[in-house]
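**Q** any chance you could fold what I've pasted below:
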Amino acid sequence: MHKGLLSTLFAASLAFVPSIASAQQAVTPGFGVDRFNPSERGSEWFVLDSLDFRGKVRPAIGLVGEYAHKPLVIYNPDGSERTSVVSGQFFLHAGASLVLEDRLRIGFNLPMALANNGDNGIINGQRLSGPGRAALGDMRFSADLRILGEYATPFSLAIGGQVFMPTGERNAYTGDDQARGIVHAMAAGEIGMIVYGAKIGVHIRNLNTSFDGSQVGSEFIFGLSGGVRLLDRKLLVGPELYGATGVSNGDVVFSKQGTPLELLFGGHYTVAEDWRVGAGVGPGLTRGFGEPAVRVVFSAEWTPHYEKPIPPAPVGDRDRDGIADNRDACPDHPGPAHADARGHGCPPAAATPPPPPPDRDGDGIPDAEDACPDVKGVKTDDPKTNGCTPPPPDRDGDGIPDAEDACPDVKGVKTNDPKTNGCPPNPDRDGDGIPNEEDACPDAPGPKNADPKKNGCPGAAVVGNQIVIMEQVKFATGSAVILKESETILNAVLKVLNDHPEIKKVRIEGHTDNVGPAGYNKQLSTSRAASVMTWLVKHGIDKSRLSSQGFGMEKPIDDNKTEAGRKNNRRVEFHIESTP
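**A** Coordinates of the predicted model:
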């Protein structure tokens, strides 16, 4: 008997197993996961609203893109991630809005999930199937009414609502497969550069489903933003904090999973008045349904700038100055009341014509513009000749009158020599047979040299504020003793100083390469500069015209990494400190 009973129970259990397996494998429908509900086009926030209700019939259209990373995740009891049911969603929101009569705004938004993926998972006996294809989201229609304040004032308030049509798909996690709605109140304002926005409302969802044991349904929504205007008010940058908490039952109110909270930091920049672009990024702060680990957003929209309309002119007062046209002496030019009827309602300049500007020579050109105010002349476009007598003839146009030009038919330069005044400059000023453009020292005669930096230069020459030498002064290794072969170059420096008594002071500088200790090098360069100074004094130069200083390796002119560079850095320089 017992065996028969056991057999019967075993058979019944086998019959029941398929039904259990079938129940475990049943897929639980999804729901609309995306928590990003973009503001109406024309707002300078991504989620909050700047409440710009200006305009009688003022449209705005644009696109908002947003990517949510891991917006729906199953967690293990220890808090670690088990499965990303929705691992990534990229929505492109196409929308438009229309402001009517400075108070009412209607709007439209269509979300399109262009990328939508995730993994299958099981939690609390629910089998969830991750999305794997693009899908539409729930189409949104909205209307908002401004009831207090105006745009860009310290406080404005609006109320409104949004209706979401069931164009999304539960299995794609882009909708609830049924209509839903939001009623909300929104505030916004500006105080100087500071801008803010706020929102509270109720999201009504007639949805009978749960996730991880918690009900997914109607919610209380809220948001707050704050930022600053920069770049001549074209840029608004700042954070937006927004979230929701479930109200369908007491278990989800401010619970961890039933209270998604996100922070988004971004900015909007107005381009060419009518276009606005924006970008932002931010994290999820809790583990609520549909809250991603991170969200990235961007936007581009056409929002025509607003110009306040000019009110119509009062009847019988075309210039709007408060004086009736039949009594206004200047009905098309606003002006104050005037005792004289001839100037009544006219601008001050018209009521009392100003006296003519002074013109001493009577040539019709005011003294303030006349370059020759005491001699009658002719009007020209050149402020330097306007009102003066015509300039004397100048056939070659070089600014030197023909009567003074030694070369009246060839453009030249002005000189103090009547024989060369107005003639082209001498092509070889120093007369050394090397043209000026090829001569490294065009004002000091010297021999030809294959080196362009030395071509036409003597052993030493004044160039700018230096006496430049063509060869280095050489010393015995590690000492300040001048080698015999360097007397030629020092004699060239001596000649320059004797030929130019106007040079009152020359500083002789010593420099070294970077080989050896810095202190030693500085002392060596100081001794070498002093040695050169002593040589010049012994050869007749007044000591008061000279000074010496050593810089060691502090002022290299070439790379000390090469032998050629180090050779160039071991040098003596002659700097002219004063001339009359």
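**Q** which residue packs closest to Tyr151, ignoring adjacent ones?
**A** Asp52 (4.8 Å; CB to CB, 6 or more residues apart in numbering). (C-beta placed from N, C-alpha, C; glycine too.)
**Q** right, and the helix or strand after the helix or strand encompassing Val85?
**A** In this structure, Val85 sits in strand 81-100 according to DSSP states H and E. Sequence-wise, the next helix or strand downstream of strand 81-100 (DSSP H and E) is strand 104-117.
**Q** sheet-wise, list the partners of that following strand with their directions.
**A** Paired neighbours of strand 104-117 in the sheet (DSSP bridges): strand 81-100 (antiparallel), strand 135-136 (antiparallel), strand 139-148 (antiparallel).
**Q** nearest to Asp396, of these?
**A** Closest to Asp396 of those is strand 81-100 (CB to CB; 69.5 Å).
**Q** average pLDDT across the closest one?
**A** In this model, strand 81-100 has a mean pLDDT of 95.
**Q** which parts of the strand holding Val85 are buried?
**A** Applying a neighbour-count criterion of 16 or more other CB atoms under 10 Å, one finds 83-91, 93, 95-99 buried in strand 81-100.
**Q** do the same with stretch 514-524
**A** 521-524.
**Q** cool, stretch 437-451 as well?
**A** 439-442, 444-446.
**Q** which of those lies closest to Pro312?
**A** Nearest to Pro312 among the buried residues of stretch 437-451, with distances taken as CB to CB, is Pro442, at 76.2 Å.
**Q** wait, isn't the closest one in contact with Asn436?
**A** Yes - contact criterion CB atoms under 8 Å: Pro442 and Asn436 qualify, at 4.3 Å.
**Q** list residues touching both of those two?
**A** The contact sets of Pro442 and Asn436 overlap at 428-429 (CB atoms under 8 Å, 6 or more residues apart in numbering).
**Q** now Leu157, what are its backbone angles?
**A** phi -140, psi 140 (degrees, to the nearest 10).
**Q** ignore the last one, Ile576
**A** phi -80, psi 120.
**Q** gap between the spatially closest residue to it that is not a sequence neighbour and Ala492?
**A** Nearest non-adjacent residue to Ile576, counting by CB to CB, 6+ apart: Asn465, 4.9 Å away. In this view, Asn465 and Ala492 are 18 Å apart by CB to CB, to the nearest Å.
**Q** same check, this time on Arg170
**A** Applying CB to CB to Arg170 and Ala492 gives a distance of 97 Å.
**Q** so which bits of stretch 229-245 are buried?
**A** In stretch 229-245, counting by 16+ other CB under 10 Å, buried: 229, 235-238, 240-245.
**Q** where does pLDDT dip in this protein?
**A** 1-27, 213, 248-253, 255-256, 313, 349-355, 580 (pLDDT under 70).
**Q** which residue is nearest the middle of it?
**A** Leu231 (8.8 Å; CA atoms, centre = their mean).
**Q** contacting residues around it?
**A** Leu231 neighbours (CB under 8 Å, 6+ apart): Tyr269.
**Q** pretty sure Ser548 is touching Met533, no?
**A** Yes - assessed by CB under 8 Å, Ser548 is found in contact with Met533 at 4.4 Å.
**Q** residues shared between the contacts of those two?
**A** By CB under 8 Å, 6+ apart, the residues touching both Ser548 and Met533 are Ile508.
**Q** out of the strands paired with strand 104-117, which is closest to Pro391?
**A** By CB to CB (comparing all of the strands paired with strand 104-117), the closest turns out to be strand 81-100, at 65.1 Å.
**Q** alpha carbons only: can I get the closest one in PDB?
**A** The C-alpha trace of strand 81-100 is given here as PDB (Å, rounded to 0.1, in the frame of the first residue of the first chain):
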ATOM      1  CA  GLU A  81      26.400  44.000  -9.600                       C
ATOM      2  CA  ARG A  82      24.900  40.800 -11.000                       C
ATOM      3  CA  THR A  83      23.300  41.600 -14.300                       C
ATOM      4  CA  SER A  84      22.700  44.700 -16.400                       C
ATOM      5  CA  VAL A  85      19.200  44.100 -17.700                       C
ATOM      6  CA  VAL A  86      19.500  47.400 -19.600                       C
ATOM      7  CA  SER A  87      23.200  48.100 -20.100                       C
ATOM      8  CA  GLY A  88      23.000  51.100 -22.400                       C
ATOM      9  CA  GLN A  89      20.400  53.300 -24.100                       C
ATOM     10  CA  PHE A  90      21.000  56.100 -26.500                       C
ATOM     11  CA  PHE A  91      17.900  58.200 -27.100                       C
ATOM     12  CA  LEU A  92      17.500  61.000 -29.700                       C
ATOM     13  CA  HIS A  93      14.700  63.400 -28.700                       C
ATOM     14  CA  ALA A  94      13.100  65.400 -31.600                       C
ATOM     15  CA  GLY A  95      11.000  68.100 -30.300                       C
ATOM     16  CA  ALA A  96       9.300  71.500 -30.800                       C
ATOM     17  CA  SER A  97       7.500  74.100 -28.800                       C
ATOM     18  CA  LEU A  98       5.300  77.100 -29.500                       C
ATOM     19  CA  VAL A  99       4.800  80.100 -27.200                       C
ATOM     20  CA  LEU A 100       1.400  81.900 -27.600                       C
END
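**Q** show me how far that strand is from its chain's centre.
**A** 30 Å (CA atoms, centre = their mean, to the nearest Å).
**Q** show me the helices in the protein, by range?
**A** Using DSSP state H, the helices of the chain run over residues 2-25, 348-351, 487-499, 518-538, 563-569.
**Q** what sits up against the last one?
**A** What it means is helix 563-569. Outside helix 563-569, the residues touching it (CB under 8 Å, 6+ apart) are 511-515, 553, 556-560.
**Q** go with 6 Å
**A** 513, 556-560 (CB atoms under 6 Å, 6 or more residues apart in numbering).
**Q** from the residues you listed, which is closest to Thr209?
**A** Using CB to CB, the contacts of helix 563-569 come closest to Thr209 at Asp559, 75.1 Å.
**Q** and the closest one, what is it in contact with?
**A** Gly565.
**Q** would you quantify the distance from it to Val515?
**A** 13 Å.
**Q** and if you look at Ile576?
**A** 30 Å.
**Q** what about the residue nearest to Tyr151, how many residues nearby?
**A** 23 (other CB atoms under 10 Å).
**Q** hmm, Glu150 and it touching each other?
**A** No - using CB atoms under 6 Å, Asp52 is not in contact with Glu150; the gap is 9.7 Å.
**Q** which residues in the stretch 251-400 of the chain form strands?
**A** 261-271, 275-283, 294-302 (DSSP state E, counting those that start in this stretch).
**Q** with the stretch 401-550 of the chain instead?
**A** So, for the stretch 401-550 of the chain - with DSSP E, counting those that start in this stretch - the strands run 460-463, 466-469, 505-511, 546-550.
**Q** now distance to Ile61 and mean neighbour count too, for the ones you listed, in a markdown table please.
**A** Formatted as a markdown table, the strands of the stretch 401-550 of the chain follow (distance: least, CB to CB, whole Å; neighbours: other CB atoms under 10 Å):
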| stretch | distance to Ile61 | mean neighbour count |
| --- | --- | --- |
| strand 460-463 | 68 | 20 |
| strand 466-469 | 69 | 20 |
| strand 505-511 | 70 | 21 |
| strand 546-550 | 73 | 18 |
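**Q** for Ser214, find the nearest of the ones you listed.
**A** With CB to CB as the yardstick, what comes closest out of those is strand 505-511 (80.9 Å).
**Q** which strands border the closest one, and is each parallel or antiparallel?
**A** Going by DSSP bridges, the partners of strand 505-511 are strand 546-550 (parallel), strand 571-578 (antiparallel).
**Q** put the alpha carbons of the longest one into PDB.
**A** C-alpha atoms of strand 571-578 as PDB (Å, rounded to 0.1, in the frame of the first residue of the first chain):
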ATOM      1  CA  ARG A 571      83.600  84.600 -26.100                       C
ATOM      2  CA  VAL A 572      84.300  88.200 -25.300                       C
ATOM      3  CA  GLU A 573      81.600  90.900 -26.200                       C
ATOM      4  CA  PHE A 574      81.800  94.700 -26.300                       C
ATOM      5  CA  HIS A 575      78.500  96.400 -25.300                       C
ATOM      6  CA  ILE A 576      78.100 100.200 -25.900                       C
ATOM      7  CA  GLU A 577      76.500 101.600 -22.800                       C
ATOM      8  CA  SER A 578      76.400 105.400 -23.600                       C
END
